[in-house]
Every structure is written in C-alpha cells, then in structure tokens.
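1. The sequence and its predicted three-dimensional model are supplied below.
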Amino acid sequence: MIKQAPTLGSILLLMASFNSAAFAQSHELNEPPHPTAQRLVKQAIAAAESGRPRAAATLVKKAISISPDYLRAHLEYWNIEANFLDRYDEVNAEYLFLVRHFPKNPVYLMTSFFRSNANNGRDSLQRVIQLAPQWAWSHYARAMLIKTDDPEQAISELMQCIAENSSAKEAYDLLIELQEKQVHRIDDAIKTAQIFAAQKDIRASQRLLPLWRLRLVKAGQSAESRLALKRELSALAGQTKEVEVLLAIRSAYLELLKDPDAAQETEKLIARLDPTWNPQRGWIYTQIKFNQSGVPRSVVLVNDQIAIQEATRRIVSASGQSAADRIRELEKLFDQKPTVAMRRIICEEIFRLAIRSNDSAAVEYGRVLHKLDRTDAALLAEMAIVLANRREKLGEAYNFAQKARVLTSQFRPATRPRNTPQTIIDNFFPEKNQREAHLKNRGLALEAVGWVLVQLNQAQQAEPLLRQALAIEASEDRLRHLAQALQTLRRFREAADYETEANHFLAGAVRKKFILEPISDLPMKAIDGRWLNLSDLKTKVVLINFWATWCFPCTQEMPYLEELFRKYKSRGLEVIAVSTDEDSSKVRPFVRTNKLTFWISDDLTLRKKFAVEEIPVSLFIDKNGNLRYRKIGFEEGDQRELEAAIIELLK
C-alpha cells in the first residue's frame, strides 16, 4: 500500500490537534466554538457556493485553527475539499492520517464517519462513545447504533445531543425521521421541527422545510393545508430581506407545493437582493459515470457546472437533430469553462454520439479520453472499429485494436478511479460484474483486431479472431464482419449464411426473450379525460411505456415512440405512455412541446399494478392481451429493438 504524506491542509489540522487532544474526553468538547470560527465557516460556505472554493478552504482552515474541535468546521472543510475542489482522495487521506496519529481525538473519527458515507461504521461510533461519553455527538453516535432496535432510546439520545448542541443539524434530521417514521408520533416530530426551525445558525432551507413538510403530512396534504402554507410562504416572502429565507421559500414551492410559477416569482425577489444568484448556486450533484469498459467513477458537479451538464443532456436528447449537429452543439459547451470532470462528460457524450453515427470525431475525442484513462480497453476497440468502418488510418486502427487485445488478455481487477470511494467499486462493480465486463470487452477487442485485418486484406488472420469474438457474444456487426472476411476468402456460401443470420439476428434475439403473462383488464384515464380499458384493445398490439419528464433516457425515447406509433398504427399498434411524475403539471407542456399523439396517462397507481420498479420501461402486449416482452432502459439505438418487437407481434 502506498502511504500518502500529509498535505498542507493536514499539517494545519495536525497543529490544531495538539490543542484538542489533551481534552478530547472532557466537557470542553461541548463548549460552543469561538464566534470568529463560526463566522469564518459561514463565510467559507458562501465563498464556495459563489465560485471561490480556494478562498473557502483558506477560511475554514482558519476556523479550525481557532476552534480545533469544531466539528462543523471539519465537515465543511471536507465538503469544500472533496466536492468543490475535487480532492476527495487527498482529504480522505488527511483524516486517515489524523485518526492514526491522534487515535484519542473523537472529532477526527466523527468527521471521517460523516464524510466517508459512514463506511467506517459501528467501530468508529463505538470508539467515539468510549473516548468522549459526554460529548453531544456521542449521544448521536449511540442513537445511530440503536435506532433500528430501540428507536425510543435513540430518540432520547438525540434529544440529549440537541440539548448539548442546538446546531446539530444531523441530530434534528434523524430525530424527526424516527419520530415520524419509526414511532409514528407526528406531533412530536412537529415539535422537534419547530425547535429546529428556530436555530438561526443553521441554514434556512435546512431548518424550515421539515416543519412545513410535516404540517402538510399531518393534514393529509389537504387542499386547505396547501393553501394555508402558500399564504404563509407568500407573507414571509413579502417580509424577509434574507436571501437564505427566500431560498427556503423557493424550495418549498418547488418540492412541497409543486408550484413552479410561485417559485419563479420568489426567484425575482432573490435576484433583487442578490443579482449574482443563479438556481445552481450551492448545489452539489453527485453521480456515478461509467467508462466504455463499464468501470464506475464518482463525479461531483457544483454550482454552474450543473447547468453545463443540464445543457449537455438537452443537446444529447434533442430530437430531429443529426449526430453531427449535436456534436457541434456539445463542442460549444467547452467555451463555458467546464471543470476537468465536466469536460470529460462532454467528451464522453461526443464520443458515444460519434460511435453510433460512425463519425470521425470518435477518434479525436477517443484520444482525449484515452489520456484520462489508459485502462479503458473498450474505448480503444471502438475507436479501431470506427476507423475500420471508414477505411481510414488503418495502421492506427490496428494499433488501437492491439492495445485493447493486450489489455483484455487476462482478467485484472478494476483500478479504483481517482476521487472514487472504494465502496462505489464494491457496490456498482463487484468481481462478478467485473469478470462479465472483461469477457464482453475481450470479445470487442478480438472483433476490433479481426475487422481491421479484414480491411487490411488479411482475412485469413482475421477469421479465427472474429469467430472467437462471436463465440463470446453474437451480434449483428460481428456476423457481418465474419461474413465479409469469408467473402474476401471466396467462401461465398458460408458468407451468405452469416449475412442471412445477421439480417435476422435482432428479430431472433427479441423472440428468444418473449414471455407469456396474461394481463388483467385495467381501466386507464388519459390526461385529456378519456377512459380506456385494456380489453378494448384486443386484436391490437399495445406498447405501454412508463416514463417521467425528469428522466433523461425517458425523454430521449419519446420522439422514437411517436415515430413508431405513426409508422405502425395503421397496422394495429397502440401506444400508451404512463407518466410517473409526482408533479403532473409538467406532463401536458412536455406532450405539447414534443407533439405526442398517442395516449398519455398520469395515473400513478398503474406503476404499482404493473410492478414497474424502474423507468423507462416498455411493456409489449400481444393481440390476445398477454404480456410478451419487457424492455428496460433506453439509449440511442434501442429504437431498433423496440421496432423489432412490434413487427414480431404484429405478424
């Protein structure tokens, strides 16, 4: 294992630790932090959210030097370093170093517990309790350990935590959750939320929203309670001059009342007080991205980078635009100063569009991505195949393919990407998945070498490689590539057989996945008020698609569903799209904008009736009312699979 030396930040924390280690077990841990330290932490948060993360890091380090045991300062230091400065590995190493060298300091243990997704678990919490049993956060630690088995005692511990530290946001959150969900005492949860809401040193959006939400829950989300909350929010918006309070009001309109118009009016008030504000300010968006070989990595985007990602998604999912046009639009986003992480996302989207459309941009952006990840064998293989398809730079294509072949020559455990916790690899890419991905990538690498050799008029050497690739996994392209190799070798009958198999491959693959499940008759209400029973559609093929306006692959799929409906409705196809949006007000504008002409329903009960757990999903029902095919997910190119299923069922 490589040992990392402490950084400048950790050296500063080490200096601070000499002041704290001496009284880590005493009552002094519960003493309020110095007011200057509190003020510096607030300034650091504001600096990070306004695009000045380095200044923010400096401010929070000063706060720690003044109040070494101020847990909130440590948590914000980790947040700024990991999320705003993209230094997760470094800050994680700092605190591991501090825990090792100062094992009796519970503050470092608690920081690591919170900021490493609680991966250090029960042992760390028990150690905190042993080191500082009277510390407010030790009560929180006890509550975490017993919350499932003894929620009543956990509630008692959390109340003691709050009594010692009224700014313990995490304790309020957990206490409200237990009171509401575990012991089902909504009035107690509301009382806690009222105390929480009064803590002025906690951000308004964090302390006010729970109270507003719980009031709606207690009233059963009645129209009267929603109107009362809207009046309360309107009155508060007219009185306050605090941006933080207005941000809380905006969040309540969006999340609790589903009222985007009122939220927009609140945004105008915010802009008057702070003309530099934008909706992404302060947002932290964590997601999992995968390279071409299937290895996951953690990506954190903040502030304006989130807006760039939203623009990226809009461009990629734009209907009626060619791949080349979308690639040009994506390239313009580089002018908006994306971070390294965001630049990589844009390059990946361009690469995938180029691969699907056989565009030479695949090679240009593939080279960029290869510099960022030398282990991505699938990336190299796909670049080689594009060049071979285009019959361009075949020498370079061969080099790419051979590198992919070497990388996949034997199974190697995935290397943890930078700033990605090991738990991401463990959870999203366990060894079983890694071995499956390796086999798939091996097939792709062999195909790439074989196909390049075919284009280099070396079909004799290509044939065994293409057969090996086919043995790993059959595909249309591999069948056609082998057919071309055999054609070159003048083995025309064999070539014709493989070409025929390629022509029927997709339909055959769909047929192999056909099921036979009777579907009960169900009434469905469309958003225009019409009613429809499934039994009314007997003799027709019915495609029921579950989707949502916020779901990127769902919105990407919709234009293709419309295209297929128009193409096959005269032959007996019916399409029903069931929105799973909690906020149904977004559905009609989406339908109008995209000119959808098939049935649209927003009946949320249908998702449960059809046992749909993820979206998008398309269910294909035959002319006799039986469920025959289920297609989960969507990416560009999948419309061919949808069409193949439709054609098979219309026969």
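-> Good, I have the coordinates.
2. Verify the contact between residue 226 and residue 257 for me.
-> Yes. Using Cβ atoms under 8 Å as the test, residue 226 is close enough to residue 257 to be in contact (6.0 Å). Backbone N, C-alpha and C define where each C-beta goes, glycine included.
3. From residue 178, how far out is residue 153?
-> As judged by Cβ to Cβ, to the nearest Å, residue 153 and residue 178 stand 10 Å apart.
4. okay, now the domains of this structure?
-> In terms of domains, the chain is parsed into 203-279, 286-503, 517-650 (source: automatic domain parsing).
5. First-to-last residue distance for the last one?
-> Right, the one you point to is domain 517-650. 18 Å (Cα to Cα, to the nearest Å).
6. Equivalent analysis for the first one, please.
-> With Cα to Cα as the measure, the ends of domain 203-279 fall 17 Å from one another.
7. Show me the shaky parts of this protein.
-> 1-27, 116-120, 319-320 (pLDDT under 70).
8. before we move on, what SS does the residue most central in space within it have?
-> The centroid of the chain falls nearest to residue 287 when counting by Cα atoms, centre = their mean (3.6 Å). Secondary structure, DSSP: H, G, I helix; E, B strand; the rest coil: residue 287 is strand.
9. same for the strand or helix carrying residue 89, what does it pack against?
-> Taking DSSP states H and E as the definition, residue 89 sits inside helix 88-101. Applying 3 or more Cβ pairs under 8 Å, 6 or more residues apart in numbering; DSSP states H and E, one finds that helix 88-101 contacts helix 8-21, helix 71-79, helix 106-115.
10. still on that earlier bit, what sits opposite the residue nearest to the centre of the chain in the beta ladder?
-> Judged by DSSP bridges, the bridge partners of residue 287 are residue 299.
11. now it: how far from residue 35?
-> Taking Cβ to Cβ, one finds residue 287 at 38 Å from residue 35.
12. Could I get the contacting residues of residue 233?
-> Taking Cβ atoms under 8 Å, 6 or more residues apart in numbering, we find residue 233 in contact with 212, 249, 252-253, 257, 262.
13. Excluding its own residues, what touches stretch 205-221? List them.
-> So stretch 205-221 is contacted by 169, 172-173, 176, 180, 186-187, 189-190, 193-194, 196-199, 225-226, 229, 232-233, 244-245, 247-248, 251-252, 255-256 (Cβ under 8 Å, 6+ apart).
14. Same check on stretch 573-582?
-> 258, 524, 527, 532, 537, 540-550, 558, 561, 564-565, 587, 596, 598-604, 606-607, 612, 615, 646, 650.
15. Now intersect these with the helices, please.
-> 558, 561, 564-565, 587, 606-607, 646, 650 (DSSP state H).
16. what's the most distant pair in those residues?
-> 587 and 650 (28.4 Å; Cβ to Cβ).
17. Relative to residue 597, how far out is residue 606?
-> Distance of residue 606 to residue 597, given as Cβ to Cβ: 20 Å.
18. Likewise for residue 372?
-> Relative to residue 597, and taking Cβ to Cβ, residue 372 is found at 43 Å.
19. so what does the helix ranked longest in the chain touch, helix or strand wise?
-> Among the segments of the chain that qualify as a helix by DSSP H, the longest is helix 431-455. Secondary structure elements in contact with helix 431-455, counted by 3+ Cβ pairs under 8 Å, 6+ apart, are helix 377-390, helix 394-407, helix 459-472, helix 476-488.
20. For residue 113, which of those helices is the nearest?
-> With respect to residue 113, and counting by Cβ to Cβ, the nearest of the helices and strands packed on helix 431-455 is helix 377-390 at 36.8 Å.
21. Run through the neighbouring helices and strands of that closest one.
-> Counting by 3+ Cβ pairs under 8 Å, 6+ apart, helix 377-390 packs on helix 340-357, helix 361-372, helix 394-407, helix 431-455.
22. Dump those helices into TSV; add mean neighbour count as well.
-> Conversion of those to TSV gives the following (neighbours: other Cβ atoms under 10 Å):
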stretch	mean neighbour count
helix 340-357	20
helix 361-372	18
helix 394-407	20
helix 431-455	21
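23. want to try TSV for those helices, with distance to residue 300 as columns?
-> TSV is the format used below for these (distance: least, Cβ to Cβ, whole Å):
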stretch	distance to residue 300
helix 340-357	7
helix 361-372	16
helix 394-407	28
helix 431-455	23
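24. Minimum distance to residue 635: which of the ones you listed has it?
-> Ranking the helices and strands packed on helix 377-390 by proximity to residue 635 (Cβ to Cβ) places helix 340-357 first, at 8.4 Å.
25. contact partners of the closest one?
-> By Cβ under 8 Å, 6+ apart, helix 340-357 touches 86, 289, 291-292, 299-301, 305, 308-309, 312, 315-316, 322-324, 326-327, 330-331, 333-334, 338, 359-362, 365-366, 368-369, 372, 379, 382, 386, 636-637.
26. cutoff 7 Å now
-> Helix 340-357 is contacted from outside by 86, 289, 299, 301, 305, 308-309, 312, 316, 323, 326-327, 330, 333-334, 338, 361-362, 365-366, 368-369, 372, 382, 386, 636-637, using Cβ atoms under 7 Å, 6 or more residues apart in numbering.
27. next one: stretch 608-619
-> Contacts of stretch 608-619 (Cβ under 7 Å, 6+ apart): 522, 543-548, 551, 553-554, 557, 580, 627, 630-634, 642.
28. again, but for stretch 525-544
-> Outside of stretch 525-544, the residues within contact range by Cβ under 7 Å, 6+ apart are 519, 521-524, 572-576, 578, 587-588, 599-603, 618-623, 625, 646, 649-650.
29. In it, which residues are buried?
-> Residues of stretch 525-544 classed as buried: 526-527, 532, 534, 537, 540-544 (neighbour count, 16 or more other Cβ atoms under 10 Å).
30. So what does the residue of the chain positioned farthest from its centre have for phi and psi?
-> Largest separation from the mean C-alpha position in the chain: residue 490, at 50.2 Å (Cα atoms, centre = their mean). Torsion angles at residue 490 (phi, psi; degrees, to the nearest 10) stand at phi 60, psi 30.
31. Quick one: end-to-end length of stretch 533-548, please.
-> Across stretch 533-548, first to last residue, Cα to Cα, it's 22 Å.
32. Repeat that for stretch 196-212.
-> 12 Å.
33. Which positions in it come out as buried?
-> For stretch 196-212, by 16+ other Cβ under 10 Å, it's 196-197, 199, 202-212.
34. how far is it from where the chain is centred?
-> Taking Cα atoms, centre = their mean, to the nearest Å, the mean C-alpha location of stretch 196-212 is offset from the chain mean by 27 Å.
35. what do you get for stretch 77-90?
-> With Cα atoms, centre = their mean, you get 19 Å for stretch 77-90.
36. and what of stretch 369-382?
-> Distance, centroid of stretch 369-382 to centroid of chain: 22 Å (Cα atoms, centre = their mean).
37. Pull out the buried residues from the helix holding residue 89.
-> Those would be 88-99, for helix 88-101 by 16+ other Cβ under 10 Å.
38. could I get those residues as a markdown table with distance to residue 451?
-> Listed next are those as a markdown table, based on distance: Cβ to Cβ, whole Å:
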| residue | distance to residue 451 |
| --- | --- |
| 88 | 39 |
| 89 | 39 |
| 90 | 43 |
| 91 | 45 |
| 92 | 43 |
| 93 | 44 |
| 94 | 48 |
| 95 | 49 |
| 96 | 47 |
| 97 | 50 |
| 98 | 53 |
| 99 | 52 |
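39. which one of the residues you listed sits closest to residue 79?
-> Once Cβ to Cβ is applied, the member of the buried residues of helix 88-101 that ends up nearest residue 79 is residue 91, at 9.1 Å.
40. residues contacting that closest one?
-> By Cβ under 7 Å, 6+ apart, the neighbours of residue 91 are 78, 81-82.
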